[in-house]
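In: Can you look at this prediction? I've put the sequence above it.
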Amino acid sequence: MIIRGDEPEQIRLLKKMYPKGNYFMQGDEAIAYGALFAGCRFYAGYPITPASEIAETMARELPKLKGYYIQMEDEIGSIAAVVGASWTGFKSMTATSGPGFSLMQENLGYAIFTETPLVLVDVQRSGPSTGQATKGAQGDFFQARWGTHGDHPIIAISPTSVEDSFWETIRAFNLSEKFRIPVLVLADGIIGHTREQINIPDPEEVEIVYRKLPTSDEEAKYPFGDVHGDLIPPMPLFGHGYFTHVTGSTHKENGLRDVYTPEVHDRLVRRLHKKIEIHKAEIQKWEEYYVEDAEILLVSWGVSARPSLGAVMKARKKGIKVGLFVPKTVHPFPGERIKELSKNVQLIIVPEMNLGQVILEVQRFVRDEVPVIGVNKIGGVPLTVEEILKEIESSAERSRHRSAD
């Protein structure tokens, strides 16, 4: 784990610094500790509320683990430094919030096109622009998917609690390493600043994934070639004796620039998409609650999934058959499973802290005859159990009247 070849020393340091047990911390801090346990040893960032505690924790803790922290001049430089560090072999991360996430989009596209593993955390806050700087929101769902330009795949995952932030950050690193792609962690300001108890594991209990490296000089000649038939090229690292060319322009399998040949661009971009598509079952993750006999289905993500589950449990006590679907991987969106569940429900409700984003993805996948309605709230204040329960009860009542008619 950690720095390949230095596992025993890194495990010793982790055990010494963070003994197994219960801790009380913020979601932002849990993201930072998740990164440390995943093997992140390089962080470059620029402070921004409500993500600054991630940078503060990494600045304090990384040197204890022989890692590196750089305070950059802005968000553009931050993600650029992370891309460079990754090509030297470091598992690398940066974190930001809405306006900074916008600034990182150009280099995020570069990282996608150059198949650079890295983790980018967006602690979502109320926007647009500087908006409500300290307040949480869920308004970056589509920026995560389509913020950078051109045809591109992306992986984005969203935690629902402080402890979940720790484990989902580890999963983000593992997915990034395995599939050689940037992975986004779509946290939010509510969870980021919430303090809860979490259980820190023994580092030897944490599954760690490393990126594939070339096994020969011949393989290293093709840093963007499907040499193993799984669409994931081995990654020759800078400073390891290979002659490697990396460019954000369209490139051939050997990395050399070719922006004139249509077939080269078509082959490269289609492989990037197919790489994620054929491994979707390994990437997608979700949770289901009470869906077996549900007549009403809630689909909710991130912080909004918590009051949604509370509302479902209260509604169940009142005899309303309602279930909950929580996508933990939000891109690629697990729409096929929602489509399957929609065949047995009368209505789908989508609570989220925006004016309607995930609801549009849900509507893409479900039958036309299943109504999909949103429970939306903005202003930096999370949805409550009572607000969601009110919509469940109203919907159940309307369904009863329709049945009576």
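Out: Thanks, I have it.
In: where does E263 land in three-state SS?
Out: Following DSSP: H, G, I helix; E, B strand; the rest coil, the label given to E263 is helix.
In: State the distance from it to P233.
Out: Look at E263 and P233: by CB to CB, to the nearest Å, they are 18 Å apart. Bear in mind the C-beta positions are built from the backbone N, C-alpha and C, glycine included.
In: of those two, who's got more company?
Out: With neighbours defined as other CB atoms under 10 Å, E263 and P233 compare such that P233 has more, 23 against 8.
In: Go ahead and measure how far the longest helix along the chain is from the middle of the chain.
Out: Longest helix in the chain by number of residues (criterion: DSSP state H): helix 385-404. Here helix 385-404 is found 33 Å from its chain centre; the criterion is CA atoms, centre = their mean, to the nearest Å.
In: remind me which residues of this structure are low pLDDT?
Out: Scanning the chain for pLDDT under 70 picks out 1-4, 403-405.
In: Can you spell out the domain ranges of it, please?
Out: Following the assignment in the TED database, the chain carries domains at 6-203, 215-281, 285-401.
In: ok, which stretches of the stretch 51-200 of the chain are strands?
Out: 68-71, 91-96, 118-126, 132-136, 155-157, 182-188, 195-200 (DSSP state E, counting those that start in this stretch).
In: by contact count, what packs against the second one?
Out: Packing contacts for strand 91-96, counted by 3 or more CB pairs under 8 Å, 6 or more residues apart in numbering; DSSP states H and E, involve helix 27-38, strand 40-45, helix 52-61, helix 75-87, strand 118-126, helix 162-179.
In: Would you state the strands of the stretch 201-350 of the chain in chain order?
Out: 286-289, 296-299, 322-327, 329-331, 347-352.
In: can you put these in a markdown table and add mean neighbour count and distance to V358?
Out: Listed next are the strands of the stretch 201-350 of the chain as a markdown table, based on neighbours: other CB atoms under 10 Å; distance: least, CB to CB, whole Å:
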| stretch | mean neighbour count | distance to V358 |
| --- | --- | --- |
| strand 286-289 | 15 | 12 |
| strand 296-299 | 27 | 7 |
| strand 322-327 | 25 | 8 |
| strand 329-331 | 24 | 7 |
| strand 347-352 | 25 | 5 |
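In: For D151, find the nearest of the ones you listed.
Out: Closest to D151 of the strands of the stretch 201-350 of the chain, according to CB to CB: strand 329-331, at 14.2 Å.
In: So in terms of bridging, what pairs with the nearest residue to A137 once chain neighbours are set aside?
Out: Once flanking residues are discounted, A137 sits nearest to S126: 4.2 Å by CB to CB, 6 or more residues apart in numbering. Applying DSSP bridges to S126 gives these bridge partners: Q132.
In: S126 touches G139, doesn't it?
Out: Yes: taking contacts as CB atoms under 8 Å, S126 lies within contact range of G139: 7.1 Å.
In: what's the neighbour count on the residue nearest to A137?
Out: For S126, the neighbour count with other CB under 10 Å is 25.
In: Next: E393.
Out: Neighbour number of E393 under other CB under 10 Å is 16.
In: cool, E336 as well?
Out: As a measure of burial, E336 has 12 neighbours, counting by other CB under 10 Å.
In: Do I have it right that it meets R364?
Out: No: under the criterion of CB under 8 Å, E336 makes no contact with R364, lying 11.0 Å away.
In: Which strand residues bridge R257?
Out: Under the criterion used (DSSP bridges), R257 bridges to H251.
In: for it, what are its contacts?
Out: 245, 247, 249-251 (CB atoms under 8 Å, 6 or more residues apart in numbering).
In: And for L103?
Out: Taking CB under 8 Å, 6+ apart as the test, what L103 contacts is 74-76, 96.
In: Give me the buried entries from those.
Out: Buried subset of the contacts of L103 (neighbour count, 16 or more other CB atoms under 10 Å): 75-76, 96.
In: distance of K15 from L389?
Out: 45 Å.
In: show me what contacts R306?
Out: By CB under 8 Å, 6+ apart, the contact set of R306 is 160-161.
In: Can you give me every residue that contacts L120?
Out: Per CB under 8 Å, 6+ apart, neighbours of L120: 79, 82, 93-96, 101, 104, 108, 182-185.
In: The closest residue in space to it that isn't next to it in sequence pairs with what?
Out: For L120, ignoring the flanking residues on the chain, the nearest one in space by CB to CB, 6+ apart is L184 at 5.3 Å. For L184, the beta-bridge partners are L120, A156 (DSSP bridges).
In: Next up, the contacts around L184.
Out: L184 neighbours (CB under 8 Å, 6+ apart): 119-122, 144, 154-157, 172, 331.
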